[in-house]
Structures are given as C-alpha cells and as structure tokens.
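**Q** sequence and predicted structure below; questions after.
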Amino acid sequence: MVSIDEAQRLITERIAPLGVETINILRDGADNRVLAEDVYGVEPLPNVPKAAVDGYALRSADGDAPRRVIAEVTAGATPGLRVEPGTAVRIMTGAPIPEGADAVIPVEHTDERDSVLIVQHTLRASENIHTVGQDIAAGQLVLARGTTLGAAEIGLLATVGRVHAKVYRRPVVAVLATGDEVYEPDGAIFPGGVRDSNRYALMAAAREAGCLALSLGIARDDMNVQRAAILDALDRADVLLTSGGVSMGTRDLIKPLLAELGTVHFGRIAFKPGKPTTFATIERPASARSSPLLAFGLPGYPVSSLVSFEVFVRPALRRLQGDARPDRPWVRVTLREPIQPAPDRPEYQRAIVSWEDGRLAARSTGRQGSSRLLSMLGANALLIVPPGTAPYAAGNELDALITGPLAPPGMSAP
Ligand code: AMP
Ligand code: MG
C-alpha cells in the first residue's frame, strides 16, 4: 500500500507531454488546447499613436484657446495633414493621431460651431492618446508555453497575427467498464443489474480534462474478454481507464491482467474512497506509438472511481498535454459543520465551498458512501480529511482541492 503522495509521484515520474501539432486558430478549434511554444508579439501594438476617445486632436500648448477645425479623421484612415497651432482635427476612437497634435479632448468636453472648437479645459501632452507599443511592446512575450488557451489567450494569438500555433496533442483516453452485473443504461433492467454510470462519467471527466474519450464498452468478468479489451486500448489509446474489478474478489481480474501485460507500479493506496486504485504501464510493440500505455484501474463504486480520477488521473492527463498548471487550486477552508474522519486513511470528502464572512467555508454534501453518486452533486471541492477517530468540529480548518466554481454563501447539500 502506497501513500497518496507516493502514488502521485509514481504516476508523475512516468509522464511526459505526448507530442506537438500545429493548428490553425482560424479554422481549428483552439479552445482549451495547451500551447507548446512561447509566442511573442512582432510589431508594437498599436503601431501608430491613436485616439483613445472620440473627440478632437489638438496641440496641448494652445491651452484653452478656441481652435479652427480643419478636417476629420476616422479609424483606418491615413491622415496626410498637420495640426498647426490654433487648429484641431475631429477624430474618432482608434484613428491615427495627425502630425502636430499631442492630445485628444473628448467630444463631450467641447462645443463646435461653424468649424470653431471651444474646449472646456486644457490638456496635458499625451492625454487620451494610445502610444505606440502601449498594449504590446515589439518583441514582447505574450503567451508562455504550457498556457491553456481560453478566450483571452485566443484573442492574443489573433492580435499578434499568430494564425498557426503549436499545441500539445490531446491524449486519447479509452474507458472500459467491467462486471457481469453491469449493463448499458438503455438496456433492460434485471435483478442485481447495475447500469453502467462509470464509463459515461469517466468519459465526460476525460473530455473535461481536455482529452478525446474512446469507449471500449463493458467487458464481462472473464480473463480473455478483459485481456482483449486492454490490448485494444494498447492499439488505440494513450491512456486506459478501467472501472471495477480491482478489489479482492475472485472475479476481480484487472490487477492480474495488468501485471501479466505490463508493470504494476502500485495496486493499493492509503486513500478513501478508492483504496484499490491501480496504476500500470504497458509497453507497446516496437512499431507503434512510442510511449507506454498508462493504465489506471479505477474502483467500481461510482464515487470512488470519480474521486480517484480527480486526485490521480486528472493531473496526469493535464501533464500529458503539457499544462504548466496541472493541479487544482489548493486552499484552506473553515468547516461550517462537524466532519467525521475515516479512522485508518486520509479521506477526500465531497464538499460545498463558498465565500462567507471573509473566508472560504465548507459544508458536506451529506452521506459520503462510495456508491452514493449524489454525494458528488453540487460538490465544488474535495475536503482533505486526515484520519482519526474524533470528529473535526465546526470552525476547524482543513485543506481542500477546489474542483468547481464557488457556491453562493450558505449553500448546502441539494
Ligand atoms: P467491483 O470493484 O467490480 O467489485 O465493483 C464495486 C461496485 O461498483 C459493485 O457494486 C459494482 O456493481 C459497482 N460498479 C462496477 N462497475 C460499475 C459501473 N460501470 N457503473 C456503476 N457501478 C459499477
Ligand atoms: Mg466487478
């Protein structure tokens, strides 16, 4: 049995970003991809001085004297004129500042009649002018390798004219459910049957982590069937997630199969929920993809499989994509309710965290049973509860991983 830290280390040691591809940000979806290169601005932005407001470009040295309006300049125009002392040019936001002018007065601080401009106040030089390179300097680093591309990042790529950008390849994550009792959610119900929720939940979690999810279906509790499914993953995927079949039962076949086909790095973690979580690597035939298949044997209980995914698999999937920040935010929270720890293992309890009275406050999502998927509902945090026998009282502080947006103050279990 390994500790949580040890398990995370054993996984992280075996992970390097998968590879790089070039995308066209105009054509391909760049959302949530991870940048595989540093991106610099080439030219300064703006590349000429520009009006920051609609108004009049003038010479600040003219003070509050009336000016003669000699022309109008709009955005995109190239003014071939000069603002001489005593004159001004009507100018629109984003238009280049004509030669001679050194300030722009907002239109709402002026009055123009018969081409004579009255200004309501004097201006300092440079007032309301966007100077060259004010937003991005020439040659400035704008995006660093390892950055996840969201709205601002995609906007910046477009701004600096980087139509083609190098991003890390997205991992293909194959997901296999196991169990003779497990059936497709649209199948006919039978006594003792369990609808396969794990495969769908894990595929969604893999996609949320930026991966391409591949379903390998449901494998019966049979060595040959499960072996064939794992070999299928070896052909088609970077990562394999299995659900079920990793505990101590006579029909739990995943651990022996992973040991037969590859190397098991750990098969039990001092961790709740998800003690039997198993991690193995399987080498590929020399001809195929170079890096070994990363295989995670996740527990069958729905909560255990999703919490184990969150703690052990998700950071690995982000690292495989080169994410410079693969981990969830780690914060200190104040308990609003007493929490009962597990006696023997650190437990990651599902919690609702909100901002209350100047601190992060945590409430439980209710009964924490491994089969009670409802305990994940509304949870935006995993509370890291050290083992013990006495409850942690309200007011105590614990560490937590933030997994979703903060809840409204006072929000409790749905
Ligand atoms: P196992 O580890 O295979 O013994 O499974 C533990 C528990 O999780 C059993 O009650 C299973 O019925 C349940 N289980 C296994 N696989 C799934 C699945 N894909 N979806 C929902 N529950 C499952
Ligand atoms: Mg089973």
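**A** Everything's here; your move. Ligands and ions are numbered 1, 2, ... in the order given.
**Q** going by C-alpha atoms from here, please, whenever you check contacts or count neighbours.
**A** Will do.
**Q** any low-confidence regions in this protein?
**A** 287-289 (pLDDT under 70).
**Q** residue numbers of it in contact with ligand 1?
**A** Residues of the chain lying close to ligand 1 by CA under 6 Å from any ligand atom are 177-179, 182, 194-199, 243-247, 299-302.
**Q** any of those residues buried? List them.
**A** 177-179, 182, 195-199, 243-247, 299-302 (16 or more other CA atoms under 10 Å).
**Q** now, which of those residues lie within strands?
**A** The strands, defined by DSSP state E, take in Ala177, Thr178, Val182, Arg195, Ser243 from those.
**Q** how near is the first one to Leu18?
**A** In this structure, Ala177 and Leu18 are separated by 25 Å, where distance is defined by CA to CA, to the nearest Å.
**Q** near ligand 2, which of the residues of the chain next to ligand 1 show up?
**A** Gly179, Gly244, Gly245 (CA under 5 Å from the ion).
**Q** what is the nearest of those residues to Pro408?
**A** For those, the closest approach to Pro408 (CA to CA) belongs to Gly244, at 35.4 Å.
**Q** what sits against that closest one?
**A** Ala177, Thr178, Gly179, Asp252, Gly297, Leu298, Pro299, Gly300, Tyr301 (CA atoms under 8 Å, 6 or more residues apart in numbering).
**Q** now it, nearest residue through space, not along the chain?
**A** Gly300 (3.5 Å; CA to CA, 6 or more residues apart in numbering).
**Q** same question, Ala16
**A** In space, Ala16 is closest to Leu320, 5.8 Å off (CA to CA, 6+ apart).
**Q** phi first, then psi, for the one you found.
**A** phi -60, psi -30 (degrees, to the nearest 10).
**Q** Arg314 now?
**A** The phi/psi pair for Arg314 (degrees, to the nearest 10) is phi -60, psi -50.
**Q** quick one, strands of the stretch 151-300 of the chain?
**A** Counting by DSSP state E, counting those that start in this stretch, the stretch 151-300 of the chain has strands at residues 164-168, 172-178, 182-183, 194-195, 212-219, 239-243, 263-266, 278-282, 293-298.
**Q** parallel or antiparallel, which strands does the longest one pair with?
**A** If I follow you right, that is strand 212-219. Paired neighbours of strand 212-219 in the sheet (DSSP bridges): strand 172-178 (parallel).
**Q** what angle separates the strand it pairs with from strand 293-298?
**A** 40 degrees (axes from the mean of the first three to the mean of the last three CA atoms, to 10 degrees).
**Q** and the angle for strand 172-178 with strand 239-243?
**A** Using the same axes, to 10 degrees: strand 172-178 against strand 239-243 is 20 degrees.
**Q** CA atoms only: put strand 172-178 into PDB for me.
**A** Output of strand 172-178 as PDB, limited to C-alpha atoms (Å, rounded to 0.1, in the frame of the first residue of the first chain):
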ATOM      1  CA  VAL A 172      -6.800   9.600 -26.400                       C
ATOM      2  CA  VAL A 173      -8.300   8.100 -23.300                       C
ATOM      3  CA  ALA A 174     -10.000   4.700 -23.600                       C
ATOM      4  CA  VAL A 175     -12.600   3.800 -21.000                       C
ATOM      5  CA  LEU A 176     -13.600   0.300 -20.200                       C
ATOM      6  CA  ALA A 177     -16.300  -0.800 -17.800                       C
ATOM      7  CA  THR A 178     -16.100  -4.300 -16.300                       C
END
